[in-house]
Structure formats: structure tokens, C-alpha cells
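**Q** what's the 3D shape of this:
(one chain, ligands or ions: 1)
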Amino acid sequence: MIDLHFAPTPNGWKISIMLEECGLPYTVVPVNITRGDQFEPEFRKLNPNGRIPVIVDSDPPAGGRPLTIFESGAILLYLAEKTGRFLPRDLHGRYCVQQWLMWQMSALGPMLGQNGHFALYAPDKIPYAIERYGNEARRLYGVLNDRLGESSHVAGDNYSIADIACFPWVMTHKAQGVTLDDFPHVRRWFAELRGRPPLQKGLAVGRRAVRKTLDAQARSTLFGTKPAGGDAPAGAFQSQQLDH
Ligand SMILES: N[C@@H](CCC(=O)N[C@@H](CS)C(=O)NCC(=O)O)C(=O)O
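**A** Model prediction:
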């Protein structure tokens, strides 16, 4: 059995989608990141970086003691290896998936995260930061769009963990100030993927816990800021802005 330490965010949904796609049994262990559960000593034994998602597999393929993994990209690779799904075996196919997975982990995710932060949450609206991350977000959507203009999926002709990694972040496009009208290949891919029942089931995990606003306490927990007051839209966490 796999325990999934989870909050309803794009990085959390990558793993619930993958578990559903693979048909693996799992238990969701909720981590309330707006309350600060991720900083508790028990959680930091699982991930010293204090972030979800984390899995603990009590039945790893090689047997032996339970295996704990943090970082969503590492978890996706592990689950792909464990099940033989969504990661090609041939050299070229395998590294194509891995390079796009690394692109998502190092570029698309972090840059969209910063874009959302400075556009939606930051107590001061800093034009330089908003412009810098907005430009970078649009540039990355352009890279993805070009790629999806030449292949049906992110890493070639087949659905893979590279698609699973990108999808929940692209779901936040409205909150990111991005319209898919400008990226028609991304729009085509996005519409195709969201029709997959296991993906929808993975996205349903934790949906009731999605917050519509981040209050001052939650912002202080997540960003270490003392906002001027009032509630900020939860942006990427906000259900109606998650277009799927
Ligand atoms: N690179 C990490 C990023 C994980 C991450 O940033 N998780 C966020 C939720 S999407 C989190 O736990 N945030 C809690 C916090 O910022 O304190 C991964 O892909 O697993």
C-alpha cells in the first residue's frame, strides 16, 4: 500500500493522477499546508524540505523496508518504474520523457509558481517581478505549444509522466493570466487529456479542501509575510480558476 502525503495543489495532483492512471491502491494522508503541517518534525522526517507531495510505499518492488520519496518528479519516475507504465523502455523514448519531466520540474512549475505568487499573493505589487515572471510564463507556454505542434503529447506520441507533470500546472492558466487561445496546440492537448477518467479521478482528490481565499494566517504560514490585511484570492488553489 502507498501512503500519499498530499495537499490539493498542482504538485499534489500530479501524484494522485499517476496513482489513478496506474490503478495502484493508495491512502491519502492530508497535509494542511496553510496551517503549517509541512513544518512539523514528523513530516520533515519524510521530507526535510517541508513540501508535499511525499509517498511512503510499504511494498516496494525489491521488498524490504518501506520506501519514502519526496519531489514529485522522483515520485513519478518511481511509480512509472514500479508499474512499467507511462515511461518508455527504449533509450530515446525514455530520455525524451525524462528531459521534459526535468523541464517541467525546473522551469514550468517553479516559474508559474513565482508568476502566481507575484501576480496574486505578494502584499506589494512589484511591476518588475510581475513582468519578469509573466514574460517567463508566456515564454514557457510558447515552448510547450511549439512542442505540442510537433507531437501529440509532451514527450512524443504517447501519454507519459511528462504529460502528467505538466497538466495540473497548465490547469492554473487563468490564474496565471494566460489564455489558451494564444497557444492552440496546448489547448488541443489540454482538452484531450482532461477527458481521461483516471486523470479526473486523480484531480477529484482533495477538491473539497480547496480554499477560495488565503487568509492572513495562511499567507503568513506559506510565504512568511505580514500582509496589509484582507483575504487574497487563493489563485492557483482557487477551484473556479482551475480550468478542467
Ligand atoms: N519541487 C517540489 C515542489 C513541492 C512544492 O512546492 N509543494 C508545495 C505545494 S504545490 C508545498 O508543499 N508548499 C508548502 C509551502 O510552501 O510551505 C515537488 O515537485 O515536489
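**Q** what sits against the closest residue to Ser152 other than its chain neighbours?
**A** Using CB to CB, 6 or more residues apart in numbering and skipping the chain neighbours, the partner closest in space to Ser152 is Trp189 (7.6 Å). For the C-beta atoms, the positions are set from N, CA and C on the backbone; glycine is no exception. By CB atoms under 8 Å, 6 or more residues apart in numbering, the residues touching Trp189 are Leu148, Ser152, His153, Val154, Asp163.
**Q** likewise Asp59?
**A** Contact analysis of Asp59 by CB under 8 Å, 6+ apart lists Met1, Ile2.
**Q** That one: which element?
**A** Counting by DSSP states H and E, there is no helix or strand that carries Asp59.
**Q** Which residue ranges make up each domain of the chain?
**A** Domain assignment for the chain, taken from automatic domain parsing, gives 2-85+202-240, 91-196.
**Q** closest to the ligand out of these?
**A** domain 2-85+202-240 (3.5 Å; CB to the nearest ligand atom).
**Q** rank the domains of the chain by pLDDT, which is bottom?
**A** Least confidently modelled of the domains of the chain is domain 2-85+202-240, at a mean of 87 by mean pLDDT.
**Q** could I get the domains of the chain as CSV with distance to the ligand?
**A** Converted to CSV, the domains of the chain look like this (distance: least, CB to the nearest ligand atom, whole Å):
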stretch, distance to the ligand
domain 2-85+202-240, 3
domain 91-196, 6
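**Q** tell me which residues in stretch 134-144 are buried?
**A** Gly134, Glu136, Ala137, Leu140, Tyr141, Leu144 (16 or more other CB atoms under 10 Å).
**Q** Leu24 sits in which helix or strand?
**A** Under DSSP H and E, no helix or strand contains Leu24.
**Q** The lengthiest helix in the chain packs against which elements?
**A** Secondary structure of the chain per DSSP state H: the longest helix is helix 127-150. When contacts are defined as 3 or more CB pairs under 8 Å, 6 or more residues apart in numbering; DSSP states H and E, helix 127-150 sits against helix 109-116, helix 184-193.
**Q** if we can go back for a sec, and the contacts of Trp189, which is closest to Pro88?
**A** Nearest to Pro88 among the contacts of Trp189 is His153, at 11.4 Å by CB to CB.
**Q** can you pull the contacts of that closest one?
**A** Contacts of His153 by CB under 8 Å, 6+ apart are Tyr159, Ser160, Ala162, Asp163, Trp189.
**Q** Which members of the residues you listed define the maximum pairwise distance?
**A** Among those, Ser160 and Trp189 lie farthest apart (CB to CB), at 12.4 Å.
**Q** who touches both of the two?
**A** His153, Val154.
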